[in-house]
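Novice: Here is the input, now give the coordinates:
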Amino acid sequence: MKKRNVIIFVLMLVIMFAFSACKKATLTGITLDTKEAQLTFGPNEEFNYDGLKVVASYDDDSLKEVSSFTVDSSAFKKGELRQYEIKVSYSENGVDASASYKVKVSLGALQSITLDTT
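Specialist: Next up, the predicted model:
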C-alpha cells in the first residue's frame with residue numbers, strides 16, 4: 001500500500017511539473033532599439049520608423065523581437081522645428097505594453113553658403 005502511495009505521489013509531481021513547464025510566458029513590457037532608426041528629420045521630411053526594433057520582455061525572463069507593433073506619430077509635424085515623442089505599442093494575448101522614443105525636426109548642418117558680391 002505504501003509503495004502504491006509513493007508511486008501515485010511521484011506521478012502527481014511529474015504531472016504538475018509537466019503542466020507548469022507548459023505555461024505560456026506572459027508579456028511584461030517592451031524595449032525599443034533605435035540604433036538603426038532615423039531620429040532627426042529635415043523640415044520637409046515625412047516621419048518614418050524604418051530601422052526601429054521592438055523587443056518584447058516576458059515574465060520568464062525571455063526576450064523576443066516583434067514586428068506587429070503600432071506606432072503613434074500623430075504629434076509629429078514635419079514643418080515645426082522641435083522634438084517629438086513617438087509612442088510604440090504592442091499587444092499579445094490581451095496584455096498591452098508601450099514605450100516611447102524621441103525624434104526631432106531640425107534644419108540640420110549647414111552644407112554651404114553662397115555669397116553674391118555683385
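Novice: which residues in the protein form strands?
Specialist: Using DSSP state E, the strands assigned to the chain run over residues 27-33, 40-41, 53-58, 63-66, 70-72, 83-92, 95-105.
Novice: Take the ones you listed and write them to a markdown table, including mean pLDDT.
Specialist: Below are the strands of the chain laid out as a markdown table (pLDDT from 0 to 100):
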| stretch | mean pLDDT |
| --- | --- |
| strand 27-33 | 98 |
| strand 40-41 | 96 |
| strand 53-58 | 98 |
| strand 63-66 | 98 |
| strand 70-72 | 98 |
| strand 83-92 | 98 |
| strand 95-105 | 98 |
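Novice: mind checking which of the ones you listed is nearest residue 116?
Specialist: Nearest of the strands of the chain to residue 116, taken as C-beta to C-beta: strand 95-105 at 29.1 Å. Heads up, the C-betas are built off the backbone N, CA and C, glycines and all.
Novice: The closest residue to residue 58 other than its chain neighbours - how many residues pack around it?
Specialist: For residue 58, ignoring the flanking residues on the chain, the nearest one in space by C-beta to C-beta, 6 or more residues apart in numbering is residue 25 at 3.7 Å. Neighbour count of residue 25, defined by other C-beta atoms under 10 Å: 15.
Novice: same check, this time on residue 117
Specialist: Neighbour number of residue 117 under other C-beta under 10 Å is 3.
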